[in-house]
Every structure is written in structure tokens, then in C-alpha cells.
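> generate coordinates for the sequence data below:
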Amino acid sequence: MIEWIASITAIGSIWLYGNNWKYAGYFGLVSQFFWWWFSFIYDLTSMYVLCGFMTATHIRNIIKMRK
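Here you go, the predicted model:
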């Protein structure tokens, strides 16, 4: 179930970024919570690298989209 939530929120995040919604970065951070959780539950240690970069990207986008 967690993999479905992670996937759906990631797709939603991409869609919101594509529509230039100014809160897309925050939605992306919420999505990342599910990806971190998914990686932890299934012991996918290699996914931690991707999760780290995606979290950093969402934070960067939040800062850039505030301007």
C-alpha cells in the first residue's frame, strides 16, 4: 500500500510542478516522506540516495518558487 501512496503523490507532485503551482515543492516534500518510509520498510538502502537528492531538490524549488 505504501508504494501506491508514494507513487501517486510523486505523480501528483510532477503534475503540480508542471502547472507552476507555487506550493508544488511542499507537496513534493510530503511525497518524499512516503518514499523515505517505503525505502525503510523494504530495506532499499540504495533508494536513500535518490530520496536525499529529491528532498534537496524540493527544498531548492521551494526557495526558488518563493521569489
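
> so who does the closest residue to Thr57 other than its chain neighbours touch?
Leaving aside its chain neighbours, Thr57 sits nearest to Gly28 (7.8 Å; criterion: C-beta to C-beta, 6 or more residues apart in numbering). From N, CA and C alone the C-beta is placed, and that goes for glycine too. For Gly28, the contact set (C-beta atoms under 8 Å, 6 or more residues apart in numbering) comprises 13, 16-17, 54, 57-58, 61.

> now do Met65
With C-beta under 8 Å, 6+ apart, Met65 has these contacts: 22, 24-25.

> any idea of the pLDDT on it?
Looking at Met65, its pLDDT stands at 90.

> separation between Tyr42 and Arg60?
27 Å (C-beta to C-beta, to the nearest Å).

> of the contacts of Met65, select the buried ones using a PyMOL command.
To isolate the buried ones among the contacts of Met65 in PyMOL, judged by 16 or more other C-beta atoms under 10 Å, type:
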select buried, resi 24+25
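
> so which of the contacts of Met65 belong to strands?
Among these, no member falls in strands (DSSP state E).

> wait, which of the contacts of Met65 is closest to Trp4?
The closest of the contacts of Met65 to Trp4 turns out to be Ala24 (C-beta to C-beta; 20.6 Å).

> quick one: the helices in the chain?
Applying DSSP state H to the chain gives helices spanning 2-18, 24-41, 47-66.

> most tightly packed of those?
Ranked by mean neighbour count, those are led by helix 24-41 with a mean of 18 (mean count of other C-beta atoms under 10 Å).

> pLDDT on that one, on average?
Regarding helix 24-41, the rounded mean pLDDT is 96.

> that one: how far from the chain's middle?
Here helix 24-41 is found 5 Å from its chain centre; the criterion is C-alpha atoms, centre = their mean, to the nearest Å.

> angle of it against helix 2-18?
Taking axes from the mean of the first three to the mean of the last three C-alpha atoms, to 10 degrees, one finds helix 24-41 and helix 2-18 inclined to each other by 160 degrees.
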